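A.B. asks: Below are the sequence and a predicted model for it; my questions follow.
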Amino acid sequence: MSSKKKGKGKKKAPTTGHRFRGITIPTASHPAIRKVKRQGVEPSIHGNKLWKSSCLLIDYLHRNPPEHSRKVMDVGCGWGISGIWCANKLGSQVTSVDADPDVFPFLDATADINGVETEHMVSRFEKLSVKKLSGYDMLIAADICFWDELVSPVANMVNRAVKAGVKQILIADPERAPFFDMAERCVDKHCAEIIDWETSGPIKASGAILVVENA
Ligand SMILES: C[S@@+](CC[C@H](N)C(=O)[O-])C[C@H]1O[C@@H](n2cnc3c(N)ncnc32)[C@H](O)[C@@H]1O
């Protein structure tokens, strides 16, 4: 007969989410996220979780409320938390863009947790033409320049966004080398700034943000 005492060694329930700058960031243990996973959906280009650079972006926007934020495009959105924050806190109409359609069920679950919706667009950076980018006030992105092969596609997308009249472009990153190669091109071409950023509070993140002002 077992002599184990009741209650001893009981596992603590996993955290299902974190509050950050007024929204909920679900973890993989959140029931809504688990439900999507059980359906067998699996993002394939690293859109398999919420990356911390999106917290850099949210924190930057929280501290520097943008002048123009009616229409926002979140590119390489993954689970889409940065755009979801804009929809929830700035009342923005958000288009969430990703090359991988399998990120969208996770994005919808995350948006639902936060009581908002965003439009979906399946597109690669390379296919976002000046025409498609026109009419947006802000282009935001987090951790999208993680391979050398992404330097030119991302830099060229920024060029087209500037041409399209997008007023502010913000790309946050955990300071990977390809991000700096891309960002330096934007500094030269668009007088952009690269700002060091760090968050405090429930989610700690640090990195850099490329800021292009085009208003
Ligand atoms: C590291 S994840 C970051 C996701 C999200 N921005 C975040 O911070 O949680 C990179 C995202 O970029 C997308 N991606 C990668 N290459 C892409 C491309 N060429 N065009 C569009 N999206 C791309 C991936 O599918 C993935 O969702």
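C.D. replies: The structure has been received and is ready for your questions.
A.B. asks: Flag every residue of this protein that's near the ligand.
C.D. replies: Residues of the chain found near the ligand (Cβ under 6 Å from any ligand atom) are 45-47, 50-51, 53-54, 76-79, 98-100, 103, 124-125, 142-144, 146, 153. C-beta: built from backbone N, CA, C; applies to glycine.
A.B. asks: now with 8 Å?
C.D. replies: The chain comes close to the ligand at residues 43-47, 49-54, 57, 74-82, 97-100, 103, 123-127, 141-144, 146, 150, 153, 172, as judged by Cβ under 8 Å from any ligand atom.
A.B. asks: Buried ones only from the residues you listed, please, as a ChimeraX command.
C.D. replies: Applying 16 or more other Cβ atoms under 10 Å to the residues of the chain next to the ligand, the buried members can be selected in ChimeraX as follows:
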select :43,45,47,50,51,52,53,54,57,74,75,76,77,78,79,80,81,82,97,98,99,100,103,125,141,142,143,144,146,150,153,172
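A.B. asks: Where do the strands of this structure begin and end?
C.D. replies: 17-20, 23-26, 71-75, 93-98, 119-122, 138-142, 168-173, 193-198, 206-213 (DSSP state E).
A.B. asks: Need the residues that contact the last one.
C.D. replies: Outside of strand 206-213, the residues within contact range by Cβ atoms under 8 Å, 6 or more residues apart in numbering are 52-53, 56-57, 60, 158, 161-162, 167-175, 179-180, 182-183, 186, 190, 192-199.
A.B. asks: Quick one: buried ones out of these?
C.D. replies: When the contacts of strand 206-213 are checked for burial by 16+ other Cβ under 10 Å, the buried set is 52-53, 56-57, 60, 158, 161-162, 167-174, 179-180, 182-183, 186, 190, 192, 194, 197, 199.
A.B. asks: Excluding chain neighbours, what is closest to residue 135?
C.D. replies: Nearest residue to residue 135, sequence neighbours excluded (Cβ to Cβ, 6 or more residues apart in numbering): residue 71, at 6.0 Å.
A.B. asks: Which neighbouring residues are in contact with that neighbour, exactly?
C.D. replies: Counting by Cβ under 8 Å, 6+ apart, residue 71 has contacts 92-93, 95, 135-138.
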